[in-house]
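Engineer: coordinates only, sequence not included:
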């Protein structure tokens, strides 16, 4: 009997490669977005400091915008951690296995038809 080179979840090397490439692509996209948001925020803070004084309502709007951006960046950083965990599971051969129950996670069924909704 010839044993196929699959991971513990039964995923073939081509599938693993596809998942890894998708995860790496998403990680790079998020990193670019986070860096861009951080740079824009820092630039805005520096620009606002040089244009003192500001109206109280403008300061409130700026604070809201800053808090909103920081919230998005925090969310993106958490997503990056999840992607890193998934990449680690790929390396360990456990990608596709539920961490809680240990069962295989079924692959999403692909629809070849067209939705009419």
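Structural biologist: Received the coordinates, thanks. Owing to the predicted nature of the structure, the values given are computational and were not obtained by experimental measurement. Residues are numbered from 1 along each chain as shown.
Engineer: tell me the confidence at the residue nearest to the spatial centre of the chain?
Structural biologist: Residue closest to the average C-alpha location in the chain (CA atoms, centre = their mean): residue 79, at 4.1 Å. Predicted confidence (pLDDT) for residue 79: 95.
Engineer: one more: residue 90?
Structural biologist: We have a pLDDT of 92 for residue 90.
Engineer: so it sits in a strand?
Structural biologist: No: assigned with DSSP: H, G, I helix; E, B strand; the rest coil, residue 90 falls outside any strand and is helix.
Engineer: how many residues are close by it?
Structural biologist: Look at residue 90: counted by other CB atoms under 10 Å, it has 18 neighbours. Where you see a C-beta, it was placed from the backbone N, CA and C, and this is true even at glycine.
Engineer: list the buried ones in stretch 9-22?
Structural biologist: Within stretch 9-22, the residues scored as buried using 16 or more other CB atoms under 10 Å are 9, 11, 15-16, 19.
Engineer: quick one: the helices in this structure?
Structural biologist: 13-50, 56-92 (DSSP state H).
Engineer: low-confidence regions, the chain specifically.
Structural biologist: For the chain, the stretches with pLDDT under 70 are 1-5, 44-60, 62, 109-117.
Engineer: do that again at 50, thanks
Structural biologist: The chain contains residues with pLDDT under 50 at 1-3, 110, 112, 114-117.
Engineer: out of the helices of the chain, flag the one nearest residue 103.
Structural biologist: Of all the helices of the chain, helix 56-92 sits nearest to residue 103, with 14.5 Å by CB to CB.
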